[in-house]
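1. for reference, the sequence and a predicted model appear below.
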There are 2 protein chains.
Amino acid sequence: MEARIETIKQQLQSQGYKLTPQREATVRVLLENEEDHLSAEDVFMLVKDKAPEIGLATVYRTLELLSEMHVVEKLNFGDGVARYDLRADNSKHHHHHLICVQCGSMEEIKEDWLLPLEERLEREYGFAVADHRLDFQGVCRRCQEKNDQPNE
Amino acid sequence: MEARIETIKQQLQSQGYKLTPQREATVRVLLENEEDHLSAEDVFMLVKDKAPEIGLATVYRTLELLSEMHVVEKLNFGDGVARYDLRADNSKHHHHHLICVQCGSMEEIKEDWLLPLEERLEREYGFAVADHRLDFQGVCRRCQEKNDQPNE
DNA sequence: GTTCCTGCAAACAATTTGCATTGAT
DNA sequence: ATCAATGCAAATTGTTTGCAGGAAC
């Protein structure tokens, strides 16, 4: 973890930015919650534990900055809140989401199923893919089972 | 076009809703701009030409209603505005987007490349896919060519 | 005469911005 | 002393809601 912070610090410095205490606290929160998709507000509340005087605007500015540097990825699940994901070390963001329209749960698929498609895209459309995003809406297994029961 | 309006009218009526003049004007705007991804504000301005007294809230309510009835699809490209797309007749929304991070252009791919994946999803994850959404970020052909020129 | 639908204005939520202050080099 | 970064509050933007009036069965 310290190593990753160091990497990010250098990435920032190489662009003339500093890793201030507030920024570091924000990055730590993201590292500690790598599995989640935190909203700016979520991050803010978690950062506040470490650095109580931080302002929400700073969190937004930091997330924006990290997003521009491709340290985090800004996601959007259509619920009106932007969510932020730490990127796996300098690689593309290769996972997909299964969003259940019934219970709102979200499952992640870690494999990348799109490489063949991306190759085809470059070939047929001349489009150089940098990243992608694939979400499926539908009904998850649990809700399907619930639906099948002759309602209690 | 009249036929499609008639279909939508019946779809609404079957659920106890009416196709009011405002709603009809909204649907017409969507039909006339089927290729675009209009934001609520966009729709509002276009509808105003036909029905100047319509209120923005009504447009939102109509789009929300149509969205619930699966007449339109609410899309989200991560720019903070919801966009609305008329669904091709009662089918899934089978197209993907190529978003150029350099010039901001967006191209659409009409084919559906995901059917095999969706089958696999149902098999391996027990997830019943109702819809999906696939966007690629990258650099479009035009911008690539521009970049290759030894800058003028 | 209910009930649904509308327009308007106010409310709201997420995000951004202006600005005076602080902190590091 | 400069210049970036911060906290706070105010502003902005996209969207939703409350409510009184209108239209339709």
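-> Perfect, I can see it now. Keep in mind it's a predicted model, so treat the numbers as computed, not measured.

2. please count neighbours and contacts with C-alpha atoms only from this point.
-> OK.

3. could you list the residues of chain A in contact with DNA strand C?
-> Contact residues, chain A versus DNA strand C (Cα under 7 Å from any atom of the strand): A:39-41, A:56-57, A:60-61, A:64, A:80-83.

4. and the longest strand belonging to chain A, what does it pack against?
-> Using DSSP state E to define each element, chain A has its longest strand at strand A:128-139. Other elements packing on strand A:128-139 under the criterion 3 or more Cα pairs under 8 Å, 6 or more residues apart in numbering or on different chains; DSSP states H and E are strand A:96-100, helix A:115-125, strand B:128-139.

5. buried deepest among the ones you listed, which one?
-> strand A:96-100 (a mean of 21; mean count of other Cα atoms under 10 Å in any protein chain shown).

6. next SSE downstream of that one?
-> Counting by DSSP states H and E, the element after strand A:96-100 in chain order, helix or strand, is strand A:106-109.

7. other SSEs contacting that next one?
-> By 3+ Cα pairs under 8 Å, 6+ apart, strand A:106-109 packs against strand A:96-100.

8. surely residue A:66 and residue A:84 touch.
-> No. The pair residue A:66 / residue A:84 is not scored as a contact, 9.7 Å apart, by Cα atoms under 8 Å.

9. state the pLDDT value of the residue most central in space within chain A.
-> Nearest to the mean C-alpha position of chain A, counting by Cα atoms, centre = their mean, stands residue A:85 at 2.0 Å. With respect to pLDDT, residue A:85 scores 86.

10. wait, it sits on residue A:67?
-> No. Residue A:85 is beyond contact range of residue A:67, at 9.2 Å (criterion: Cα under 8 Å).

11. who touches both of the two?
-> Common neighbours of residue A:85 and residue A:67 (criterion: Cα atoms under 8 Å, 6 or more residues apart in numbering or on different chains): A:73-74.

12. save the helices and strands packed on strand A:128-139 as a markdown table, and put in distance to residue A:4 and mean pLDDT too.
-> Shown next, in a markdown table, are the helices and strands packed on strand A:128-139 (distance: least, Cα to Cα, whole Å; pLDDT from 0 to 100):
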| stretch | distance to residue A:4 | mean pLDDT |
| --- | --- | --- |
| strand A:96-100 | 24 | 79 |
| helix A:115-125 | 27 | 83 |
| strand B:128-139 | 26 | 80 |
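
13. could you dump these into CSV with distance to residue B:14 added?
-> Formatted as CSV, the helices and strands packed on strand A:128-139 follow (distance: least, Cα to Cα, whole Å):
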stretch, distance to residue B:14
strand A:96-100, 26
helix A:115-125, 41
strand B:128-139, 22
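
14. among the ones you listed, which is nearest residue B:4?
-> For residue B:4, the closest of these is strand B:128-139, at 22.0 Å, according to Cα to Cα.

15. quick revisit: paired strands for the longest strand of chain A, with orientation please.
-> strand A:96-100 (parallel), strand B:128-139 (antiparallel) (DSSP bridges).

16. and those strands as CSV, adding distance to DNA strand D?
-> Below are the strands paired with strand A:128-139 laid out as CSV (distance: least, Cα to the nearest atom of the strand, whole Å):
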stretch, distance to DNA strand D
strand A:96-100, 18
strand B:128-139, 17
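
17. residues touching the residue nearest to residue A:87 when sequence neighbours are not counted, list them.
-> The spatial neighbour of residue A:87 that comes closest, neighbours along the chain excluded (Cα to Cα, 6 or more residues apart in numbering or on different chains), is residue A:72 at 5.2 Å. Applying Cα under 8 Å, 6+ apart to residue A:72 gives the contacts A:63, A:66, A:84-87.

18. what pLDDT does the model give residue A:72?
-> On the pLDDT scale, residue A:72 gets 89.

19. quick one, domains of chain A?
-> Following the assignment in automatic domain parsing, chain A carries domains at A:1-90, A:91-152.

20. lowest mean pLDDT across those domains, which one is that?
-> Looking across the domains of chain A, the weakest by mean pLDDT turns out to be domain A:91-152, at a mean of 75.

21. where do the helices sit along chain A?
-> A:2-13, A:21-32, A:40-50, A:56-68, A:115-125, A:141-148 (DSSP state H).
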